[in-house]
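In: Below are the sequence and a predicted model for it; my questions follow.
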Amino acid sequence: MPTAARVVVVPEDPAPLEIVELALPDPGPHQVVVAQAASGICHTQLHQIHGARDSAVILGHESTGEVVAVGDAVSHVGVGDAVMVTWVRRDAANTDRLPPRACLDLPDGRRAESRNVFTWATHTIADEQYIVAMPAETVKDVTAIIGCAVMTGAGAVEYTADVQAGSSVAVFGVGGVGLATVVAARERGADPLIAVDLSDEKLEFARRFGATHLVNAAREDPVEAIRALTSRNSGHSYDQKPVHGADFVFDCIGVPKTMAQIVPAARTGFFGAARGGTAVLVGVPSGAIEIDPGDLLVNEKRLIGSIGGSCSPEVDFPRYIDWFESGRLDLAAMVTERFRIDDIAEATRALEAGEIQGRAIMEF
C-alpha cells in the first residue's frame, strides 16, 4: 500500500524550499521503500538549489533507515532490514539494467525529479542499486554521512589517488568531505598531512582527525605555505630549483580559486628521476579555471578527478562502518549539527554561510 511521506522539494521557479506531504507509490519490481532515520546535508544540494532546472527537484543522496517495502525482484534486502541509501550504484559493474531517474508526482500535478535518489524526506523510494544493507545494531544517525561525505573523501585517498605511507598530503577545505579525506590519509600513513581552510576553528578541528600542519588561506598563500612545508634538500626540478610541493593535493571545495591552486601546490618533478605530484579534484566544481600547462609538462604533474571517491558501496560501506565502530573514524565528532525536516531552510542557510564546522544531518 502507498506510504505517507514528507518530502523537501525545490520548486521549478526560484522560491523557498517546500515540504510536501504525499503518498509514495508501492515499489516497482526493483524498488525499495525506506523509512528514514537520518540524512546528510551536503554542499552539492546548494548547487542543485541555485542551479538551472526544468522541473521541481527532490534533494539528498546519503541516508540510513529501515526497509518498509520491497519489489518482487529485490533479493539483497527485505522488510525490516537496516539499510543505507547512496547515490552511487552498489554494483556499478552491472550494466544489464541501468536504474531510471527518481521521479515523484506531487499532489498539485507537478513532477519532481532527482538524478538517482532523494533522502531529504521522512520516507524515500529508490532503485535497489542505491540501497546497501547495514548491520541492525549499528547506530543510524551519524552513519548517514557514509553514503557521500565519507565515501567521497576517503575513497579519493584510497582509490582515486592510492596514497602510500610516507606521502605528503594537502587537503583544501576541511568540511565533512575534507575531514574524511584527512582521516583516510592518516590511515594510509601520510606525512606531513596539511589541512588548508579559511577558518581557524575548522583547522583546529581537522587536527583532531589527523592533520599535522594547518594553513589558514585567509592569512597566507596556501601554495607557498605547502611548498615551504614540503621542500626537499635533495634533487631538483627542470628549472634547477629544489623539489617542493605535496605528493597529493586534494581540493574538497571545488571553487575556481582552490581548483587553480592545487596543481601549483603539487610536488615538482625530480628532473630525469621522478615525476611530479598529483592534484585531485574532489569537490563539485562551480566554475572554470586556467592552469599553467608548462607546470604540468615539465614537472610531470597530474590533475585528476574523483567522483564518489571511486568507491563501490557494497564493498566499502562495511569497511567504513568498521572504521567507525573501531574508533578510527569519529563520526560522532564529525557530525556537528543536527536539524529536523521543518528546519531545512535554516540548515541550508547555515551551510551556505559556512557555519557548519563538520557535517550536518537531518534526523527523522
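Out: Good, I have the coordinates.
In: Who are the contact partners of Ala218?
Out: By Cβ atoms under 8 Å, 6 or more residues apart in numbering, Ala218 lies in contact with Leu198, Ser199. (Each C-beta comes from the backbone N, C-alpha and C, glycine too.)
In: my guess is it is in a strand, correct?
Out: No - counting by DSSP: H, G, I helix; E, B strand; the rest coil, one finds Ala218 to be coil, located in no strand.
In: Give me the distance between it and Gly235.
Out: To Gly235, Ala218 is 32 Å away according to Cβ to Cβ, to the nearest Å.
In: next one: Thr268
Out: Relative to Gly235, and taking Cβ to Cβ, Thr268 is found at 9 Å.
In: Could I get the full set of strands for the stretch 151-300 of the chain?
Out: 169-172, 193-197, 213-216, 248-251, 278-281 (DSSP state E, counting those that start in this stretch).
In: I'd like the average pLDDT over the first one.
Out: If I follow you right, that is strand 169-172. Across strand 169-172, pLDDT averages out at 98.
In: Over to the last one?
Out: In this model, strand 278-281 has an average pLDDT of 98.
In: Please compute how far it lies from its chain's middle.
Out: Chain-centre distance of strand 278-281: 15 Å, with Cα atoms, centre = their mean, to the nearest Å.
In: That one packs against which elements?
Out: Packing contacts for strand 278-281, counted by 3 or more Cβ pairs under 8 Å, 6 or more residues apart in numbering; DSSP states H and E, involve strand 248-251, helix 256-265, strand 302-305.
In: do the same with the first one
Out: Using 3+ Cβ pairs under 8 Å, 6+ apart, the elements in contact with strand 169-172 are helix 176-187, strand 193-197, helix 222-230, strand 248-251, helix 256-265.
In: highest average neighbour count across the ones you listed?
Out: When the helices and strands packed on strand 169-172 are scored by mean count of other Cβ atoms under 10 Å, the highest mean neighbour count falls to strand 248-251 (a mean of 31).
In: Show me what that strand packs onto, helices and strands only.
Out: strand 169-172, helix 176-187, helix 256-265, strand 278-281.
In: Save those as CSV, and put in distance to Asp91 too.
Out: Output for the helices and strands packed on strand 248-251, formatted as CSV (distance: least, Cβ to Cβ, whole Å):
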stretch, distance to Asp91
strand 169-172, 30
helix 176-187, 23
helix 256-265, 32
strand 278-281, 25
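In: Which one of these lies nearest to Asp343?
Out: helix 176-187 (18.2 Å; Cβ to Cβ).
In: tell me the mean pLDDT over that closest one?
Out: Mean per-residue pLDDT for helix 176-187: 97.
In: Can you check what angle separates that helix from strand 193-197?
Out: 170 degrees (axes from the mean of the first three to the mean of the last three Cα atoms, to 10 degrees).
In: could you dump helix 176-187 to PDB, C-alpha only?
Out: Only the C-alpha atoms of helix 176-187 are listed here, as PDB (Å, rounded to 0.1, in the frame of the first residue of the first chain):
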ATOM      1  CA  GLY A 176      32.700  16.900   6.000                       C
ATOM      2  CA  VAL A 177      34.300  15.600   2.800                       C
ATOM      3  CA  GLY A 178      37.700  17.100   3.700                       C
ATOM      4  CA  LEU A 179      37.700  15.600   7.200                       C
ATOM      5  CA  ALA A 180      37.000  12.200   5.700                       C
ATOM      6  CA  THR A 181      39.900  12.800   3.300                       C
ATOM      7  CA  VAL A 182      42.200  13.700   6.300                       C
ATOM      8  CA  VAL A 183      41.100  10.500   8.100                       C
ATOM      9  CA  ALA A 184      41.900   8.300   5.200                       C
ATOM     10  CA  ALA A 185      45.200  10.000   4.500                       C
ATOM     11  CA  ARG A 186      46.100   9.500   8.200                       C
ATOM     12  CA  GLU A 187      45.100   5.800   7.900                       C
END
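In: so how far is it off the chain centroid?
Out: Put simply, helix 176-187 sits 11 Å off its chain's centre (Cα atoms, centre = their mean).
In: Could you dump the helices and strands packed on strand 169-172 into a markdown table and include distance to Leu351?
Out: Converted to a markdown table, these look like this (distance: least, Cβ to Cβ, whole Å):
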| stretch | distance to Leu351 |
| --- | --- |
| helix 176-187 | 10 |
| strand 193-197 | 15 |
| helix 222-230 | 23 |
| strand 248-251 | 18 |
| helix 256-265 | 18 |
